[in-house]
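K.L.:
Build me a model:
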Amino acid sequence: MAIIKPLRGFTPEIGENCFLADTAVVIGDVKMGRDCSIWFGTVLRGDVNSIRIGNGVNIQDGSVLHTLYQKSTVEIGDHVSIGHNVTIHGATIKDYALIGMGATVLDHAVVGEGAIVAAGALVLSHTVIEPGSIWAGVPARFVKKVEPEQAKEINQKIAHNYLMYAGWYRE
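P.N.:
Model (predicted):
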């Protein structure tokens, strides 16, 4: 069973129809919408500031979401896919964005709607990634634009697939 731990007067709030893997950890000031999946070894550590997660979000195995004390928060929009072993620290990720495996997104960065951060990318603090764009590299740089509907379709498909995968664990 996942570890869900109240801390500093905050109890995590988890929406309807969410899947939390047995080894997921959710601590403190975390609010999650409906139809989310939090996978094995993932840590949502809302101990020093808030973490807000929209609807239909999947946060895959080994990822960590954290913030800076009194300086940054994590804001995740709807239908966002966060790949395996991603670190999001005090950043904002807008609806339908995709964060590739092993990427790191640092404090006060903003990943726009439908944007894609490539696997292994390092998005530096205060970077603003335009909606519908692809960024890659260390540090991450603009690669190209993607049609907004195409990005939304790809990212929504992944988000819906993860909702299906979560259902397998309830059977």
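
K.L.:
does the nearest residue to Gly77 once chain neighbours are set aside count as helix, strand or coil?
P.N.:
Closest residue in space to Gly77, ignoring its immediate chain neighbours: Asp95 at 3.7 Å, by C-beta to C-beta, 6 or more residues apart in numbering. From N, CA and C alone the C-beta is placed, and that goes for glycine too. Assigned with DSSP: H, G, I helix; E, B strand; the rest coil, Asp95 falls in the coil class.

K.L.:
do Met101 as well
P.N.:
Going by three-state DSSP: Met101 is coil.

K.L.:
Asp22 too?
P.N.:
coil.

K.L.:
now for this protein, which residue lies nearest the mean position of the chain?
P.N.:
Centroid check for the chain by C-alpha atoms, centre = their mean gives Ile82 as the closest residue, at 4.6 Å.

K.L.:
quick one: contacts for that one?
P.N.:
Residues in contact with Ile82, defined by C-beta atoms under 8 Å, 6 or more residues apart in numbering, are 57-60, 63, 76, 88, 93, 99.

K.L.:
Am I right that Ser50 sits in a strand?
P.N.:
Yes. Inclusion of Ser50 in a strand is indicated when three-state DSSP is applied.

K.L.:
Report how many residues lie close to it.
P.N.:
Residues lying near Ser50 (other C-beta atoms under 10 Å) number 15.

K.L.:
and the gap between it and Gln150?
P.N.:
32 Å (C-beta to C-beta, to the nearest Å).

K.L.:
same question, Ile134
P.N.:
Ile134 sits 11 Å away from Gln150, taking C-beta to C-beta as the criterion.

K.L.:
Tyr165 too?
P.N.:
For Tyr165, the distance to Gln150 - C-beta to C-beta - is 23 Å.

K.L.:
follow-up on the earlier one: just the closest of the contacts of Ile82 to Trp39, please.
P.N.:
Gln60 (4.8 Å; C-beta to C-beta).

K.L.:
Please report the confidence value the model assigns to the closest one.
P.N.:
Per-residue confidence (pLDDT) for Gln60: 98.

K.L.:
Just confirm it contacts His84, I think it does.
P.N.:
Yes. If you go by C-beta atoms under 8 Å, Gln60 and His84 touch, sitting 4.6 Å apart.

K.L.:
okay, these two: which has more neighbours?
P.N.:
Gln60 (23 against 18).

K.L.:
Who are the contact partners of that one?
P.N.:
If you count contacts by C-beta under 8 Å, 6+ apart, then Gln60 has 39, 42, 81-84, 86, 101, 162 around it.
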